[in-house]
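> coords please:
(chains A and B)
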Amino acid sequence: MAGLVPPGITTIPADASKTAHTKHEEKTDYMNLPCPIPYEEIHREALMSLKPETFEGLRFDFTKGLNQKFSLSHSVFMGPTEIPSQSAETIKIPTAHYEFGANFIDPNLMLIGRVLTDGRLNARVKWDLTDNLALKANAQLTNEPHMSHGMVNFDYKGKDYRSQFQMGNGALFGASYIQSVTPHLSLGGEVFWAGQHRKSGIGYAARYETDKMVATGQVASTGMVALSYVQKVSEKVSLASDLMYNYMSREVTSSVGYDYILRQCRLRGKIDSNGCTAAYLEERLNMGLNFVLSAEIDHRKKDYKFGFGLTVG
Amino acid sequence: MAAQPRRGGVSLPERRSAPKSDSNILARITSSPIVSRGKQAACDAAFVSKKLLRSTGKAAWIAGTTFLILVVPLIIEMDREQQFNELELQQASLLGAPPTGPALK
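Down below sits the predicted model:
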């Protein structure tokens, strides 16, 4: 098996997490609860299956590692991009851009930078200050005024809890805390204050996780209610569904999707209550050579998006 | 219809007095309530069936394209995976001794 194809990506971590879970199931020791997932990532599994990054046009990504820690990336994109408009019809203009990136990845320091030909710059830093405390920074600079963003996060990881404090430009402050209550259940909350818009809010989240399923729920004082459920049918297949409800605008959307991770490819598909269908296929042609096909159909808006791409390295 | 010209007193329809009885029967048949109701029903049926056909066509189009996007790639990939497994099994049996990969599963 190993001689023919590179072994499956998921097999080893899945086994590892399974043994970890069974170990905790034996006795419910409330002093030794597992560390929960970060608050902003509680919908991780559902998002992975239901929100593939569909695109329209051609995409080519090339990553070249110069040595163990340093790598350069080049990517080309060509195709129509949507511009936001007030009318119901979507307006698309053809664009093409090239992106140059540099990555430095070390066990406790990660630096990632991206520059686009239209002048946008994106920089990310993740630095583990100690074993428990990590600093994350994210900056997005553009040449348009008031469109640049910056954000700094401090993450503290305890034995069975995580907390985070974040600061951003526009006087944005936020804090979140998540705690494991039982080996499967974790509960969390967040507060935020956006000084520029004079808004503040509070939110709560819960996540129930076994090795067969993950269910999450989140409410926030902005009126947002998000529920998601992921069922792992087998090691290769998982089915996901989610429901988003906005109390302020009375909008409800829900979607169902599947996620197949096979040895040669990964295929994700979803359909949502607005009648929007999307599929995303990543096919491994060779070691380090991936072919990507993306499709999205919205019959109501008559918006059809198809894209293909190649990822090298 | 036939009564109208007589009431008007114009001499023009008098000339066609010879085929009058014939057309009268035809006119009576065509203007009879059963025929007109049938005609109405046929018209309605045609209208409804046209609408039904159009909406089923649209539904079939949406269902078909959705199927093409969501299910067809899945079928192809599952088939490929199965072929791959078979090939692997075959090779393992050909090589004989070390079928460690499938044996572990």
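
> so the residue nearest in space to the middle of chain B versus B:Ala46, what's the distance?
Chain B has B:Leu53 as the residue nearest its centroid, 3.9 Å off, counting by CA atoms, centre = their mean. According to CB to CB, to the nearest Å, B:Leu53 stands 10 Å off from B:Ala46. In short, each C-beta sits where N, CA and C put it, glycine included.

> now do stretch A:232-245: everything it contacts.
The contact list for stretch A:232-245, computed with CB atoms under 8 Å, 6 or more residues apart in numbering or on different chains, reads A:10-11, A:14, A:43, A:45-46, A:49-50, A:211-214, A:224-231, A:251-262, A:270.

> how far away from the center of its chain is it?
Here stretch A:232-245 is found 15 Å from its chain centre; the criterion is CA atoms, centre = their mean, to the nearest Å.

> can you check stretch A:305-313 too?
What separates the centre of stretch A:305-313 from the centre of its chain is 19 Å, taken as CA atoms, centre = their mean.

> ok, now stretch A:285-300?
18 Å.

> which other residues reach it?
A:6, A:52-56, A:59, A:274-284, A:303-313, B:62, B:65-66, B:69, B:73.

> apply 6 Å and report the result again.
A:54-55, A:275-284, A:304-309, A:311-313, B:62, B:65, B:69 (CB atoms under 6 Å, 6 or more residues apart in numbering or on different chains).

> for it, list every residue counted as buried.
Residues of stretch A:285-300 classed as buried by neighbour count (16 or more other CB atoms under 10 Å in any protein chain shown): A:Asn290, A:Val292, A:Leu293, A:Ser294, A:Ala295, A:Glu296, A:Ile297, A:Asp298, A:His299.

> what parts of chain B come near chain A?
B:Ile62, B:Thr65, B:Thr66, B:Ile69, B:Leu70, B:Pro73, B:Glu77, B:Glu81, B:Gly101 (CB under 6 Å from any CB of the partner chain).

> the longest helix seen in chain B: what's the following helix or strand?
Determined from DSSP state H, the single longest helix within chain B is helix B:33-70. Later in the chain than helix B:33-70, the nearest helix or strand by DSSP states H and E is helix B:72-95.

> for that next one, C-alpha coordinates in CSV please.
Only the C-alpha atoms of helix B:72-95 are listed here, as CSV (Å, rounded to 0.1, in the frame of the first residue of the first chain):
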residue,chain,number,x,y,z
VAL,B,72,-21.7,12.3,-11.1
PRO,B,73,-18.3,13.2,-9.7
LEU,B,74,-19.0,11.1,-6.7
ILE,B,75,-19.9,8.0,-8.8
ILE,B,76,-16.8,8.4,-10.9
GLU,B,77,-14.5,8.8,-7.9
MET,B,78,-16.0,5.9,-6.0
ASP,B,79,-15.5,3.7,-9.1
ARG,B,80,-11.9,4.8,-9.4
GLU,B,81,-11.3,4.0,-5.7
GLN,B,82,-12.8,0.6,-6.2
GLN,B,83,-10.7,-0.1,-9.2
PHE,B,84,-7.7,1.0,-7.3
ASN,B,85,-8.5,-1.3,-4.5
GLU,B,86,-8.9,-4.2,-6.8
LEU,B,87,-5.6,-3.5,-8.5
GLU,B,88,-3.9,-3.4,-5.2
LEU,B,89,-5.4,-6.7,-4.1
GLN,B,90,-4.4,-8.3,-7.4
GLN,B,91,-0.9,-7.1,-7.1
ALA,B,92,-0.7,-8.3,-3.5
SER,B,93,-1.9,-11.7,-4.5
LEU,B,94,0.6,-11.8,-7.4
LEU,B,95,3.5,-10.9,-5.2
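
> now the helix or strand harbouring A:Gly101: buried residues?
Element membership for A:Gly101, per DSSP H and E: strand A:91-106. If you call a residue buried by 16+ other CB under 10 Å, then strand A:91-106 has these buried ones: A:Glu99, A:Gly101, A:Asn103.

> what lines up beside that strand in the sheet?
Applying DSSP bridges to the sheet, strand A:91-106 is found paired with strand A:70-83 (antiparallel), strand A:109-116 (antiparallel).

> what pLDDT is listed against B:Ser49?
B:Ser49 is assigned a predicted lDDT (pLDDT) of 96.

> please identify the residues of the stretch 151-300 of chain A in proximity to chain B?
A:Leu262, A:Cys265, A:Leu267, A:Gly269, A:Thr277, A:Ala279, A:Leu281, A:Ala295, A:Ile297, A:His299.

> sheet partners, orientation included, of the helix or strand in which the fifth one is found?
It refers to A:Thr277. Secondary-structure assignment from DSSP H and E places A:Thr277 in strand A:276-286. Using DSSP bridges, the strands paired with strand A:276-286 are strand A:265-272 (antiparallel), strand A:289-298 (antiparallel).

> circling back to that earlier point, quick check on the contacts of stretch A:285-300: which are buried?
So, by 16+ other CB under 10 Å, the buried ones in the contacts of stretch A:285-300 are A:54-55, A:276-284, A:305, A:307-309, A:311, B:69.

> the closest residue in space to A:Leu109 that isn't next to it in sequence bridge partners, please.
Using CB to CB, 6 or more residues apart in numbering or on different chains and skipping the chain neighbours, the partner closest in space to A:Leu109 is A:Trp127 (5.2 Å). Beta-bridge partners recorded for A:Trp127 (DSSP bridges): A:Leu109, A:Leu135.

> burial count for A:Trp127?
14 (other CB atoms under 10 Å in any protein chain shown).

> can you redo the residues of the stretch 151-300 of chain A next to chain B as JSON lines with pLDDT and distance to A:Ala88?
Shown next, in JSON lines, are those (pLDDT from 0 to 100; distance: CB to CB, whole Å):
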{"residue": "A:Leu262", "pLDDT": "92", "distance to A:Ala88": "39"}
{"residue": "A:Cys265", "pLDDT": "92", "distance to A:Ala88": "36"}
{"residue": "A:Leu267", "pLDDT": "95", "distance to A:Ala88": "32"}
{"residue": "A:Gly269", "pLDDT": "95", "distance to A:Ala88": "26"}
{"residue": "A:Thr277", "pLDDT": "94", "distance to A:Ala88": "19"}
{"residue": "A:Ala279", "pLDDT": "95", "distance to A:Ala88": "25"}
{"residue": "A:Leu281", "pLDDT": "95", "distance to A:Ala88": "30"}
{"residue": "A:Ala295", "pLDDT": "95", "distance to A:Ala88": "22"}
{"residue": "A:Ile297", "pLDDT": "93", "distance to A:Ala88": "17"}
{"residue": "A:His299", "pLDDT": "89", "distance to A:Ala88": "14"}
